[in-house]
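Peer 1: this is the structure alone, sequence omitted:
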């Protein structure tokens, strides 16, 4: 089952369906669409950025357009996909507060497990989605956007309530982390210093460090993890050399990336690439 809404004036696309929507991802590739996968009665198996995940029944997973995604197995799934033209995560973040949590939050993907009440609530919302797809009128696009926003808000609230660190930390600290994550996502290829991001947030580097320490991380760790993730993606999924990758993530000297990469992975970029070839 697949349903697609398109708005030709804006090139907006919204897709709703089941596991058939994920068939094009039997081989790893970037989805080019923001993607939500919701499991129902059974689990699903996927690979994101070369890491395998098992999504338990009655769970939600969110994927960005930059992650490499491979669908292994799953049935009775509910899948939503949309492009930036349909709903821009960054432009609407003041409304839905998902950026830096559901999307572009860190190197790990968020998986939200639902209880029976939450599962029923989202089933009702899904029925409204299906009904709206059949309602062809001048406000259909706006209605679908409102429903997508509602789904994102519900998912973000659930993630916040289920993440242990949120329960013990004031929301102002979480909001600062979200803003920092979004800035890193936009600038990590050119800006590697904490001071750059601190200036953007009108904070001192020390304030950021003290705040993030309560969240068991540090500003520099977030920057470095994002750089390493990008380097891994390029090593795994492209034929670019270590030198080309170093330049792409903002290092004039490839040895600087090599030292950082080895610190985080215990391998140089070249050895990491060789290990991949050996494994295959």
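Peer 2: Thanks, I have it. Source: prediction; values computed, not measured.
Peer 1: going forward, measure contacts and count neighbours with C-alpha atoms only.
Peer 2: OK.
Peer 1: how many neighbouring residues does residue 50 have?
Peer 2: 16 (other Cα atoms under 10 Å).
Peer 1: with residue 125 instead?
Peer 2: Neighbour number of residue 125 under other Cα under 10 Å is 15.
Peer 1: so what's it up against?
Peer 2: Counting by Cα atoms under 8 Å, 6 or more residues apart in numbering, residue 125 touches 147, 151.
Peer 1: what is the neighbour count of residue 213?
Peer 2: By other Cα under 10 Å, the burial measure for residue 213, its neighbour count, is 12.
Peer 1: no wait, residue 28
Peer 2: Per other Cα under 10 Å, the neighbour tally for residue 28 reads 19.
Peer 1: equivalent analysis for residue 24, please.
Peer 2: 12.
Peer 1: now residue 101, nearest residue through space, not along the chain?
Peer 2: In space, and not counting its chain neighbours, residue 101 is closest to residue 178: 6.5 Å by Cα to Cα, 6 or more residues apart in numbering.
Peer 1: that neighbour and residue 103 touch, don't they?
Peer 2: No. Assessed by Cα atoms under 8 Å, residue 178 is found out of contact with residue 103, at 9.6 Å.
Peer 1: quick one: low-confidence ranges for the stretch 151-280 of the chain?
Peer 2: Low-confidence segments of the stretch 151-280 of the chain (pLDDT under 70): 163-171, 279-280.
Peer 1: about what we covered before: buried ones in the one helix or strand the residue nearest to residue 101 maps to?
Peer 2: Element membership of residue 178 [criterion: DSSP states H and E] is helix 171-187. Using 16 or more other Cα atoms under 10 Å as the test for burial, helix 171-187 gives 173-174, 176-185, 187.
Peer 1: that one packs against which elements?
Peer 2: Applying 3 or more Cα pairs under 8 Å, 6 or more residues apart in numbering; DSSP states H and E, one finds that helix 171-187 contacts helix 194-200, helix 205-213, helix 219-237.
Peer 1: how about a cut-off of 6 Å?
Peer 2: The contact analysis (3 or more Cα pairs under 6 Å, 6 or more residues apart in numbering; DSSP states H and E) places helix 171-187 against no helix or strand.
Peer 1: any idea how far that helix is from the chain center?
Peer 2: 14 Å (Cα atoms, centre = their mean, to the nearest Å).
Peer 1: going forward, count from 26.
Peer 2: Noted, 26 is the first residue going forward, which turns the last one into helix 196-212.
Peer 1: that helix vs helix 230-238, what angle?
Peer 2: 110 degrees (axes from the mean of the first three to the mean of the last three Cα atoms, to 10 degrees).
Peer 1: helix 244-262 and helix 196-212, what's the angle between them?
Peer 2: Going by the same axes, to 10 degrees, helix 196-212 makes 40 degrees with helix 244-262.
Peer 1: quick one on the thing from earlier: possible to save the buried residues of helix 196-212 as CSV with distance to residue 89?
Peer 2: Supplementary listing: those in CSV, determined by distance: Cα to Cα, whole Å:
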residue, distance to residue 89
198, 24
199, 20
201, 21
202, 18
203, 15
204, 17
205, 17
206, 14
207, 13
208, 16
209, 15
210, 12
212, 17
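Peer 1: ok, which pair from the residues you listed is furthest apart?
Peer 2: Maximum pairwise distance among those (Cα to Cα): 21.0 Å, between 198 and 212.
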